[in-house]
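Trainee: Dropping the sequence and predicted coords here.
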Amino acid sequence: MNKAILTVLLLVISNTFMTFAWYGNLKLQQMKVISSTTPLIFIILISWAIAMLEYSFLIPANRIGSDINGGPFSLVQLKVIQEAISCIVFGVIVTLCFKGEALAWNHIVAFILLILAVYFVFIK
């Protein structure tokens, strides 16, 4: 598989886990699986476990994608791609999973500007 495509795919998977690690506890609270009185240490430990999965995809993505290891992207390009993917994944998950959380026009503009940042980081 092409290193660029594999890198982006791994970053999408990584950011999906990251979004659930950061915001999943709020969804569980919304679903009444846990409550606001659930001990914070329990929430942190669950989030760390999910974050371990995130890193299991993020680290290979960076190693495969980095020009240091023969990949197609510089470190700056990798970071900007990762941030854009993070916002896109977040937008999709928030729209699908969190009722009452809608993306407004200014959120869409911000996402477009992030995608433009990816474009600009590739200009020589």
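Mentor: Cool, the structure landed. Numbering: from 1, shown residues only.

Trainee: Strands along the chain, start to end?
Mentor: Taking DSSP state E, the chain contains no strands at all.

Trainee: Spatially central residue for it, please.
Mentor: In the chain, the residue lying closest to the centroid (C-alpha atoms, centre = their mean) is residue 15, at 2.5 Å.

Trainee: which residues sit in contact with that one?
Mentor: With contact taken as C-beta atoms under 8 Å, 6 or more residues apart in numbering, residue 15 is in contact with 54, 82, 85-86, 89-90. Bear in mind the C-beta positions are built from the backbone N, C-alpha and C, glycine included.

Trainee: Sort out for me which of those are in helices.
Mentor: Mapping the contacts of residue 15 onto helices (DSSP state H) picks out 54, 82, 85-86, 89-90.

Trainee: Setting the sequence-adjacent residues aside, check what's closest to the residue nearest to the centre of the chain.
Mentor: Distance criterion C-beta to C-beta, 6 or more residues apart in numbering; nearest residue to residue 15, sequence neighbours excluded, is residue 89 at 4.3 Å.

Trainee: Tell me how many other residues crowd residue 64.
Mentor: Residues lying near residue 64 (other C-beta atoms under 10 Å) number 18.

Trainee: Would you mark the buried spots in the longest helix along the chain?
Mentor: Longest helix in the chain, counting residues (DSSP H): helix 3-30. For helix 3-30, the buried set under the neighbour-count rule, 16 or more other C-beta atoms under 10 Å, comprises 7-8, 10-21, 23-25, 27-28.

Trainee: Check stretch 59-68 too.
Mentor: Buried residues in stretch 59-68, counting neighbours by 16+ other C-beta under 10 Å, are found at 60-62, 64-66.

Trainee: ok, the residue nearest to residue 15 - how many residues close by?
Mentor: 20.

Trainee: So residue 7 sits against residue 65, correct?
Mentor: Yes: Residue 7 lies in contact with residue 65 (C-beta atoms under 8 Å); the separation is 3.2 Å.

Trainee: what's the overlap in contacts for those two?
Mentor: Any residue near both residue 7 and residue 65 by C-beta under 8 Å, 6+ apart counts here, and that gives 71-73, 78, 81.

Trainee: That'll do, ta.
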